[in-house]
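Enquirer: generate a structure from the sequence data that follows.
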Amino acid sequence: MGSILSTNVRNFLMVGKYDSGKSSIIKIIAPRLSPMPMIGLNSNIFNISKSIQLTCFSVFSKKYSDQYKIFCNDITGLIFVLDSSCIDDDVKYYLDLFMEQQEVRNSKILILANKCDLENAMTKDEIYEKLNLESYKGQLLLQICSAVTKQGIKEGIKWLKG
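Expert: Okay, the predicted model is just below:
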């Protein structure tokens, strides 16, 4: 029998560089919420449902890398949001940083490649190769999506929750 204080809340962590589309994606998966863009080392916690909590923040400076790791405690899954029209070396650095964490490696990892509606967006195969995703072990899904057209987001979240 469980403790009175025990809960079945699943904690998901959403991270991505500034302007990758995190706030827009939250508005799609939880329309009743009104997230503000995240700037600096601020994090926002959203109760998506009675059983799902989402912590979200922007990665913006390598000097805070050690502090980013504290957000990985007790997570069920990681949502890594990237701008598929602008994948630079920092995106790979931050993805690797989170993937090195034991709690992340033991959870489901959803990579939302946002902004696929832009003309210069990379394809799924190009992103997979650029980020060297075959090197990661465990449950990982690269989902091409667009917060503007709402394409692919709900499918990715459904996989993550399943």
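Enquirer: so which residue is smack in the middle of this protein?
Expert: The residue lying closest to the centre of the chain (CA atoms, centre = their mean) is I79, at 2.1 Å.
Enquirer: who's that residue bridged to?
Expert: Beta-bridge partners recorded for I79 (DSSP bridges): M14, L110.
Enquirer: mind showing which ranges of this protein have poor pLDDT?
Expert: For the chain, the stretches flagged by pLDDT under 70 are 1-7, 33-43, 60, 64.
Enquirer: what about 80?
Expert: 1-7, 31-49, 56-70 (pLDDT under 80).
Enquirer: how about the strands in the chain?
Expert: 10-17, 43-49, 52-59, 77-83, 108-114, 140-144 (DSSP state E).
Enquirer: partners of the third one, with directions?
Expert: With DSSP bridges as the criterion, the sheet partners recorded for strand 52-59 are strand 10-17 (parallel), strand 43-49 (antiparallel).
Enquirer: could I get the strands of the chain in CSV, plus columns for distance to L131?
Expert: (C-beta placed from N, C-alpha, C; glycine too.) Output for the strands of the chain, formatted as CSV (distance: least, CB to CB, whole Å):
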stretch, distance to L131
strand 10-17, 13
strand 43-49, 24
strand 52-59, 15
strand 77-83, 8
strand 108-114, 8
strand 140-144, 8
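Enquirer: ok, which of those strands comes nearest K150?
Expert: With CB to CB as the measure, strand 108-114 is the member of the strands of the chain nearest K150 (11.1 Å).
Enquirer: what is the closest one packed up against?
Expert: Judged by 3 or more CB pairs under 8 Å, 6 or more residues apart in numbering; DSSP states H and E, the packing partners of strand 108-114 are helix 22-29, strand 77-83, helix 124-130, strand 140-144, helix 153-161.
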